[in-house]
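next input, structure requested:
(chains A and B)
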Protein chains: 2
Amino acid sequence: MTDVRIAGVGLTKFGSYPERTGRDLFAEAALAAREEAGISRDDYEELHYGNFMGELAEGQGHQAPIMAEAAGVECPATRYEQACASAGVAFRQAVQTIRAGGADVVLAGGMERMNNLDTPNVTQSLAIAADELFEVRAGVTFPGAYALMARAYFDEYGGDNEDLANIAVKNHANAMTNEYAQFHREISVQDALESPVVADPLTLYDACPITDGASAIVLVSGDYADEHGIDAPIAVTGSGQGTDKAALQDREHIARTPAATKAAEQAYADAGISPGDVDVAEVHDCFTIAEVMALESLGFYEPGEGIGAAARGETTRDGDRPINLSGGLKAKGHPVGATGTAQIVEMTKLLRGDHANSDALSDPRVGLTHNAGGTVASAVVHVLEVMN
Amino acid sequence: MTDVRIAGVGLTKFGSYPERTGRDLFAEAALAAREEAGISRDDYEELHYGNFMGELAEGQGHQAPIMAEAAGVECPATRYEQACASAGVAFRQAVQTIRAGGADVVLAGGMERMNNLDTPNVTQSLAIAADELFEVRAGVTFPGAYALMARAYFDEYGGDNEDLANIAVKNHANAMTNEYAQFHREISVQDALESPVVADPLTLYDACPITDGASAIVLVSGDYADEHGIDAPIAVTGSGQGTDKAALQDREHIARTPAATKAAEQAYADAGISPGDVDVAEVHDCFTIAEVMALESLGFYEPGEGIGAAARGETTRDGDRPINLSGGLKAKGHPVGATGTAQIVEMTKLLRGDHANSDALSDPRVGLTHNAGGTVASAVVHVLEVMN
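You can find the predicted model right below:
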């Protein structure tokens, strides 16, 4: 099977850009990735692009041709919509295309604009990722859904708001040095505990912000990289995807995310590794409780053990396996359709050693990214490894 | 490279179902395809699903997990949005996944609900497939955009409304025997010419209807089919995709669709065939003029020669290369996100010899499907061949 390597990565700074168009944001990220790769524009064979709420936020569907033009590539372009995992599945299919021999040079990425909608409208737009018939009509929004998951977790395994606050503190601290992060604001456990309740038991600092931004990655086949002398030191060695029932009510355990477990098992098998081999991970912490469930689903902790990881210092920058050195969705920001590939951009830099937080790692070899859609009805996991 | 075969196909009857949910429609098509394939539900490894306007028509994004549940499969599910080519790109990535060795049994399909919106709202919802900044704000809707293309074609190459009327007459005649078609109504050239103008020069009978419906296909690797004794006599031998500028104003020729030419060239090369080898085709006739441009882009006719093909009887059921024996989008109907795989369902039956219009063909070996998004800013072409 053809091996797949990362030749270039690009991001916009995450933030609030109500005055910029989606195509403008994606152009910035894509051109940064293309510049890093240094590959002729004529060699790009496909674009795989993720976006979640373009129809509602910009009145723009069918974005793939527009984004190909924005990125300056003339090639087949495809748009994926998988809620907050949109760019994750786009990246996965980019990998599959190279493995199938369908292309040697592929651009993958995503973009989301959210801040041009006001808070009620953006909350309602995000809610279309839940089950309209069985959840949204009953009044469920995403803060509410994750609050149900947090409450179920506390009831089944224990843990409390202070455990969650430690995750927020960790991720805000990590974002301080990341120039692409939306927030550069250190917070204390006390700050988090005293912040307003959003949906009990979750408070404001348990939730990620509303973010505009874009991310892009140039993928090449190993053969292409070797033949053209492309500097592509990071390989994508594992890819996995999982799907669960959309509605929480249909699941056996509200406090577990088996879609992520399945995605991880597939990615580990694909890469020929086990959870213990992972040096560093970026996981989908749209809410602090989501980071806890991710750590357990990925096999880093047993169910019930992940809640205390940040408080115990195991997942902080000084811990054995740092989680969300980028700042995570929590503090780096979460432009939903861009997040999946943004995580992979961050991980690529961490493994290459040119990330602002690279000093937290000692010779990392294996990185993992975990991207989720809805209440983890969709999950995508990728394993990245340093070549040689 | 692993070969890819079609093990089962399914459709809903196309029509108006404002009282049915999207998941109900997709379940019907998917279960029909699964029943034909006769493969254990545990063996399904992925679902690739197309939908265009679910956010606007049903308030439902993130449809892939919901559709996996509706189809009765527990496996990773991905949603594609590529305007009217949504199911076409979903099918293409299903093929790539099998070719990559990522799966042996894959469900592909699509669904669209449109009739729960009134005419102004469905027209506005369809318009998000055009360029919002440069076309929609200026008042372009799809009947208007295709009217511009028809006018440009007439100006450059000649042709008139009677030529277009002959295409409508042909496709309505083909739909008469197709139990899945929305329309069973033979029309005359005079009927078409006297129908109300929708957007000059296009009249009501130049336009496809607003349709609800779903389609599904079970794809298997050749190895799986052989090992499990699966009856899968049709192979997918070629796949191609093309992308053009989204906005008509940015194109060199308004009356040509180079995205389809590129998709066709890639699919022909993939299959190792030339346009002359194609016995029968289903093309994307959202408007009659779209069928003309498709015939030329696919290499069946030189530019300017396709307009008279139906009137000359070359593309009718008695012609050398029948086009849209299903009735086409024009008379079979066009549930946009389901159309790409619906065309492949029809072609599979035509090549297997169990289609209502199979008697129009004498030992067909090679079939082609052409699925387009927007004003052919996106195009997907597949080549299907009879095994042995």
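
rest of the way, CA atoms for contacts and neighbours
Noted.

any idea of the pLDDT on the residue in the stretch 51-200 of chain A that chain B sits nearest to?
When scored by Cα to the nearest Cα, the stretch 51-200 of chain A has A:A100 as its residue closest to chain B, at 3.8 Å. We have a pLDDT of 94 for A:A100.

report pLDDT for A:M1.
For A:M1, pLDDT reads 56.

actually, A:A271.
98.

that one and chain B, how far apart?
Per Cα to the nearest Cα, to the nearest Å, A:A271 is found 13 Å from chain B.

for A:P201, same thing?
26 Å.

hey, where'd the helices end up in the stretch 201-350 of chain A?
All helices of the stretch 201-350 of chain A, identified by DSSP state H, counting those that start in this stretch, fall at A:222-228, A:258-271, A:288-297, A:328-332, A:339-352.

include mean neighbour count when you put the ones you listed into a markdown table, please.
Output for those, formatted as a markdown table (neighbours: other Cα atoms under 10 Å in any protein chain shown):
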| stretch | mean neighbour count |
| --- | --- |
| helix A:222-228 | 14 |
| helix A:258-271 | 23 |
| helix A:288-297 | 26 |
| helix A:328-332 | 31 |
| helix A:339-352 | 28 |
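
possible to save those helices as a markdown table with distance to A:I66?
Output for the helices of the stretch 201-350 of chain A, formatted as a markdown table (distance: least, Cα to Cα, whole Å):
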| stretch | distance to A:I66 |
| --- | --- |
| helix A:222-228 | 27 |
| helix A:258-271 | 31 |
| helix A:288-297 | 33 |
| helix A:328-332 | 26 |
| helix A:339-352 | 19 |
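
so which of those helices is nearest B:A294?
Among the helices of the stretch 201-350 of chain A, helix A:222-228 comes nearest to B:A294, with 34.0 Å by Cα to Cα.

what does the stretch 151-300 of chain A put close to chain B?
A:Q241, A:G242, A:T243, A:D244, A:K245, A:A246 (Cα under 8 Å from any Cα of the partner chain).

which among those end up buried?
Buried by 16 or more other Cα atoms under 10 Å in any protein chain shown: A:Q241, A:G242, A:T243, A:D244, A:K245, A:A246, out of those.

could I get the residues you listed as TSV with pLDDT?
Formatted as TSV, those follow (pLDDT from 0 to 100):
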residue	pLDDT
A:Q241	98
A:G242	98
A:T243	98
A:D244	98
A:K245	97
A:A246	97
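
and which of those is nearest to A:G61?
Nearest to A:G61 among these, with distances taken as Cα to Cα, is A:A246, at 22.9 Å.

leaving out sequence neighbours, find the closest residue to that closest one.
A:A377 (5.1 Å; Cα to Cα, 6 or more residues apart in numbering or on different chains).

list the contacts of the one you found.
A:G242, A:T243, A:D244, A:K245, A:A246, A:A247, A:T257, A:A259, B:P65 (Cα atoms under 8 Å, 6 or more residues apart in numbering or on different chains).

right, and the first one touches B:C75 too?
Going back to what we said before, that points to A:G242. Yes: shown here, A:G242 and B:C75 form a contact pair, counting by Cα atoms under 8 Å, at 6.6 Å.

point out where the stretch 51-200 of chain A drops to low pLDDT.
Under the criterion pLDDT under 70, no range of the stretch 51-200 of chain A is flagged.

for it, what spans make up the helices?
Under DSSP H, counting those that start in this stretch, the stretch 51-200 of chain A gives helices at A:54-57, A:63-71, A:86-99, A:119-127, A:142-157, A:161-175, A:189-194.

now the first one - C-alpha only, PDB.
Put plainly, it is helix A:54-57. This file holds the C-alpha atoms of helix A:54-57, laid out as PDB (Å, rounded to 0.1, in the frame of the first residue of the first chain):
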ATOM      1  CA  GLY A  54     -22.100  27.000   5.300                       C
ATOM      2  CA  GLU A  55     -25.700  26.800   4.100                       C
ATOM      3  CA  LEU A  56     -26.900  28.500   7.300                       C
ATOM      4  CA  ALA A  57     -23.900  30.900   8.000                       C
END
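
which other helices and strands contact that helix?
With contacts defined as 3 or more Cα pairs under 8 Å, 6 or more residues apart in numbering or on different chains; DSSP states H and E, helix A:54-57 has these neighbours: helix B:54-57.

what does the helix it packs on rub up against?
Contacts of helix B:54-57 (Cα under 8 Å, 6+ apart): A:E55, A:L56, A:I128, B:Q60, B:G61, B:Q63, B:E112, B:R113, B:M114, B:N116, B:L117, B:S125.

so what's the third one up against?
Contact criterion Cα under 8 Å, 6+ apart gives A:V136, B:E55, B:G59, B:Q60, B:G61, B:H62 as the residues in contact with A:I128.

and those residues, which is closest to B:K170?
The closest of those, once distances to B:K170 are taken by Cα to Cα, is B:E55, at 34.7 Å.

any idea how far that closest one is from A:T119?
18 Å (Cα to Cα, to the nearest Å).

which one's more surrounded, those two?
In this view B:E55 and A:T119 are compared by other Cα atoms under 10 Å in any protein chain shown, and B:E55 has more residues nearby, 21 against 12.

re the thing from before, does the residue of the stretch 51-200 of chain A closest to chain B touch B:A100 like I think?
Yes: A:A100 lies in contact with B:A100 (Cα under 8 Å); the separation is 3.8 Å.

picking that back up, what would the contacts of A:A377 look like in CSV with distance to A:D104?
Output for these, formatted as CSV (distance: Cα to Cα, whole Å):
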residue, distance to A:D104
A:G242, 26
A:T243, 29
A:D244, 32
A:K245, 35
A:A246, 35
A:A247, 39
A:T257, 34
A:A259, 30
B:P65, 30
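
so which of the residues you listed are in strands?
Of these, the ones assigned to strands by DSSP state E are A:G242, A:T243.

report the two of the contacts of A:A377 separated the most.
Across these, the longest distance by Cα to Cα is 15.0 Å; it joins A:G242 and A:A247.

check the spacing between the most centrally placed residue in chain A and A:A83 real quick.
The geometric centre of chain A, computed from its C-alpha atoms, lies nearest to A:G340 (Cα atoms, centre = their mean), at 3.5 Å. According to Cα to Cα, A:G340 stands 10 Å off from A:A83.
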